[in-house]
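Undergrad: Here's a sequence, model it:
(one chain, ligands or ions: 1)
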Amino acid sequence: MAFYKDEIIEEVRSRNDIVDVIGGVVKLKRSGSNYFGLCPFHSEKTGSFSVSRQKQMYYCFGCGKGGNVISFVMEYENYSFQEAVKYLADRAGMKLPEPEESPEEKQAQGFRNDVLSCLKSAAVYYYKRLYGPEGKTALAYLKKRGLTDETIKSFGLGFSGKGHAEAVTYLREQGFSDKVIDAAGLCNISEKYGMTDRFFNRVTFPIMDINNKVIGFGGRVMGDGEPKYLNTAETIVFDKSRNMYGLNVARRSRKPYRIVCEGYMDVISMHQAGFTEAVASLGTALTSGHANLLRRYTGDVRLTYDSDNAGQKAAMRAIPICSAYGIKTKIIHMEPYKDPDEFIKALGADEFQKRIDEAENSLFFELEYMKKDRDMSDPEERTEFQNDVAKRLAGIDDELARDNYIGAVAAKYMIKEDILRRAVAIYQEKNEKSTAAELPEPKEVRKKKDGQADKGGSDKAERYLLTWIADDERVYDAVRPYLMPEDFSEGVERELATALYEGYERGDPSLAGIMTRFAENENSDEAAAIVNAHLDAVESESDRSKALTDLVIKVKKRSLERMKNKDDGTDPLKKAMEEKKALKQLKDIRISI
Ligand SMILES: [Zn+2]
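TA: Here you go, the predicted structure:
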């Protein structure tokens, strides 16, 4: 990863006033020295999202998100660190120098480029073979499936050939090393056969990233071989949970929604019929990585999964993942056909557009799914179903939406509205709500929530002390002789201590600047929480001094404890003596500020 120099990043940051930047997308009201508004990262009715011009930071007291202007842009626009810096530089009218690369990075980048050009060569090779004599059957297959030459060309479809090392031989002739061919995922290596083609006797679908670079292949076998579909395994350029088939084209669609379907052929036939907003996950269920990618382009996803049981299940899985990323989902029904490909062939594009427009609200789809295997004429099963419905409705956070749904659901399933309303209220009170069919939340989201869990006693002391240090340089000066960053617990505490100490030593303790180092880091929100925590006012000087002394002693004691328990090879007796001495010294600490 190339990088910009710290000074440049700091200049970009300081030339973008945080109140102006956030004020451009969130309505902010001034209150005292801070600005408040409705948090763009969680849904709320009263503003708990605060922005400080003085600190050049934001922090949400509701969901705990916080940071500086760079992390805001990253979070809000779903940009990488580099992209956010670039965006803000443009905004401030700054021209950024070319990012710097270390020699190792240059080398790694060089290898990566080799792998990409190897993949591109392979795609060209496969495409040519499709139109050669050995590609006859494959080409006939694609034509039979209704694809035009133009479509085949624009998707770069090809045929791998039937030999066992033809592509490998070709790529070697083109000057690619075995190491590169292997890293590109284009071969199998075995002791017995050496390097052989990973794809043979397959129609090949190049998978492109959003910048139209070939990063891997999908291959469909001709005839009865197994497996029917084979993908490139994960490589340094291909991560199937963070790329989607067709997104390189679909990203530019002007439609307000994106269609998500199951397979390559679905995407291709939809694009051929004019639905260039269609994408597919790559031989895997929709992941949080996909949802995170999609939300860059749309907040409205229409699912066209196969009408069979497996497809419906996949849709049920995709709904909560999208919802966790703020994407609403609808279901496109294709009955009596199995998939979009079949549907469009049978009824044409206009009918398909109608189905897109009539896509069903995913909540009703979920409820239908719950109802599916239940006998509604059996009172017990009917009650069970109604309870599940109430639980699901209790999981809708937005009050207004919930209220509307209760009315609509009651009418649709002929449940008495007041009874349903009461049941929902009960589940809400018991906090027994199911969000989207009780499927687990995506991992990334869950991790963040765990991170916010309450920390135990001594961490509290560390955190409080850090808040204080961040707030007042005099506190830093007073604490510095007794505590070093290593005395803080590993993790966000030590990282923040290091950043604060470095900042003060440089004579530039700008908090917002310090937050930049957290921008790309999972501790970002927590660090912001510590820095923005409220300090209880301690009035008298002697009280302040005593409070600070206590904190320092607490933190130091814990640090000594950790040191003692760490097995670093030191003689335990010697360790014990040292600890005793250190503890004795602690008693003499008197800090005054
Ligand atoms: Zn929030």
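
Undergrad: didn't E234 look like it was pressed against N243?
TA: No: under the criterion of Cβ atoms under 8 Å, E234 makes no contact with N243, lying 10.7 Å away. C-beta coordinates here come from the backbone N, C-alpha and C atoms, glycine included.

Undergrad: So for those two, which sits in the more crowded spot?
TA: Between E234 and N243, N243 has the larger neighbour count (other Cβ atoms under 10 Å), namely 22 against 12.

Undergrad: distance of that one from the ion?
TA: Using Cβ to the ion, to the nearest Å, N243 is found at 29 Å from the ion.

Undergrad: what's the closest non-adjacent residue to that residue?
TA: Leaving aside its chain neighbours, N243 sits nearest to D209 (5.9 Å; criterion: Cβ to Cβ, 6 or more residues apart in numbering).

Undergrad: what does I426 give?
TA: Residue nearest to I426 in three dimensions, not counting chain neighbours: A390, with 7.7 Å by Cβ to Cβ, 6+ apart.

Undergrad: Which pLDDT value does the model give the one you found?
TA: What the model reports as pLDDT for A390 is 92.

Undergrad: tally of neighbours for it?
TA: Neighbours of A390 under the rule other Cβ under 10 Å: 26.

Undergrad: Tell me if I'm right that D209 and G246 touch.
TA: No: assessed by Cβ under 8 Å, D209 is found out of contact with G246, at 11.5 Å.

Undergrad: and the two? which has more neighbours close in?
TA: The residue with more neighbours, out of D209 and G246, is G246; 25 against 18, by other Cβ under 10 Å.

Undergrad: Tell me how far the more buried one lies from D239.
TA: 17 Å (Cβ to Cβ, to the nearest Å).

Undergrad: Same check on D472?
TA: 45 Å.

Undergrad: And R258, by the same measure?
TA: For R258, the distance to D239 equals 20 Å [Cβ to Cβ].

Undergrad: who has more neighbours, these two?
TA: The neighbour comparison of R258 against D239 (other Cβ under 10 Å) goes to R258, with 23 against 14.

Undergrad: contacting residues around that one?
TA: A250, E277, A278, V279, L294, Y297, T298, D300, V301, R302 (Cβ atoms under 8 Å, 6 or more residues apart in numbering).

Undergrad: and what of E134?
TA: E134 touches F159, G161, K162, counting by Cβ under 8 Å, 6+ apart.

Undergrad: Report pLDDT for it.
TA: The per-residue confidence score, pLDDT, reads 92 for E134.

Undergrad: any idea how far it lies from A123?
TA: 17 Å.

Undergrad: And E105, by the same measure?
TA: Relative to A123, and taking Cβ to Cβ, E105 is found at 27 Å.

Undergrad: Show me which of these two is the more surrounded one.
TA: Legend: neighbour count by other Cβ under 10 Å for E105 and A123, higher for A123 (20 against 14).

Undergrad: Now that one. Nearest residue, chain neighbours left out?
TA: P206 is the one closest to A123 (Cβ to Cβ, 6+ apart), at 4.4 Å.

Undergrad: Show me what whichever strand or helix holds V203 is packed up against.
TA: Element membership for V203 (DSSP states H and E) is strand 202-208. The helices and strands touching strand 202-208, judged by 3 or more Cβ pairs under 8 Å, 6 or more residues apart in numbering; DSSP states H and E, are helix 103-130, helix 136-144, strand 158-159, strand 214-221.

Undergrad: 10 Å - rerun?
TA: helix 103-130, helix 136-144, strand 158-159, strand 214-221, strand 229-231, strand 244-245, helix 247-250, helix 264-272 (3 or more Cβ pairs under 10 Å, 6 or more residues apart in numbering; DSSP states H and E).

Undergrad: Can you give me the buried ones in that strand?
TA: Neighbour counts over strand 202-208 (16 or more other Cβ atoms under 10 Å) mark R202, V203, T204, F205, P206, I207, M208 as buried.

Undergrad: so what's V492 up against?
TA: Neighbouring residues of V492 by Cβ atoms under 10 Å, 6 or more residues apart in numbering: 451, 455, 459, 462-463, 466, 518, 521-527, 529-530.

Undergrad: ditto for I419
TA: Counting by Cβ under 10 Å, 6+ apart, I419 has contacts Q386, A390, A410.

Undergrad: Only the buried members of the contacts of V492: can you turn that into a ChimeraX selection?
TA: ChimeraX command restricting the contacts of V492 to the buried ones, with burial defined by 16+ other Cβ under 10 Å:
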select :451,455,459,462,463,466,518,523,524,525,526,527,529,530
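
Undergrad: Give me the lowest-pLDDT entry from the contacts of V492.
TA: G451 (37).

Undergrad: The stretch 201-350 of the chain against the ion: which residues are in contact?
TA: By Cβ under 5 Å from the ion, no part of the stretch 201-350 of the chain sits against the ion.

Undergrad: Identify the residue of the stretch 201-350 of the chain closest to the ion, quick one.
TA: When scored by Cβ to the ion, the stretch 201-350 of the chain has G326 as its residue closest to the ion, at 12.0 Å.

Undergrad: Can you verify K153 is assigned to a helix?
TA: Yes: counting by DSSP: H, G, I helix; E, B strand; the rest coil, K153 is located in a helix.

Undergrad: coming back round to it: so which of the helices and strands packed on strand 202-208 has the densest surroundings on average?
TA: strand 158-159 (a mean of 28; mean count of other Cβ atoms under 10 Å).

Undergrad: can you list the residues that contact it?
TA: With Cβ under 10 Å, 6+ apart, strand 158-159 has contacts from 122-132, 134-139, 141-142, 152, 199-206, 217, 219, 222.

Undergrad: Tell me where the stretch 351-500 of the chain has strands.
TA: 360-361 (DSSP state E, counting those that start in this stretch).

Undergrad: Point out where it drops to low pLDDT.
TA: Within the stretch 351-500 of the chain, the stretches with pLDDT under 70 are 432-458.

Undergrad: same deal with the chain?
TA: Residues of the chain that meet the cut-off, pLDDT under 70, sit at 1-2, 283, 432-458, 509, 536-539, 567-568.

Undergrad: Look up the closest residue to the residue nearest the centre of it, ignoring the ones flanking it.
TA: Residue closest to the average C-alpha location in the chain (Cα atoms, centre = their mean): N292, at 4.5 Å. Distances taken as Cβ to Cβ, 6+ apart place Y325 nearest to N292, at 5.9 Å, with adjacent residues excluded.

Undergrad: For F176, grab phi and psi.
TA: phi -90, psi 140 (degrees, to the nearest 10).

Undergrad: ok, how many other residues are close to it?
TA: 23.

Undergrad: That one against S117, yeah?
TA: Yes: taking Cβ atoms under 10 Å as the definition, F176 is a contact partner of S117 at 8.0 Å.

Undergrad: what's the overlap in contacts for these two?
TA: Joint contacts of F176 and S117 (Cβ under 10 Å, 6+ apart) are A184.

Undergrad: quick one: contacts for the closest residue to the ion within the stretch 401-550 of the chain?
TA: Proximity of the stretch 401-550 of the chain to the ion (Cβ to the ion) peaks at D525, 9.9 Å away. Taking Cβ under 10 Å, 6+ apart, we find D525 in contact with 41, 59-60, 63-67, 71, 75, 448, 451-452, 492, 518.

Undergrad: Most widely separated two among the residues you listed?
TA: F41 and V492 (19.0 Å; Cβ to Cβ).

Undergrad: Serialize the contacts of R258 to TSV and add fields for secondary structure.
TA: Below are the contacts of R258 laid out as TSV (three-state DSSP):
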residue	secondary structure
A250	helix
E277	coil
A278	strand
V279	strand
L294	helix
Y297	coil
T298	coil
D300	strand
V301	strand
R302	strand
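
Undergrad: So which of those residues is the closest to I319?
TA: Nearest member of those to I319, counting by Cβ to Cβ, is V301, at 9.2 Å.

Undergrad: got a list of what that closest one touches?
TA: For V301, the contact set (Cβ under 10 Å, 6+ apart) comprises 257-260, 279, 286, 290-291, 294-295, 318-319, 322-323, 325, 327-330, 359, 362.
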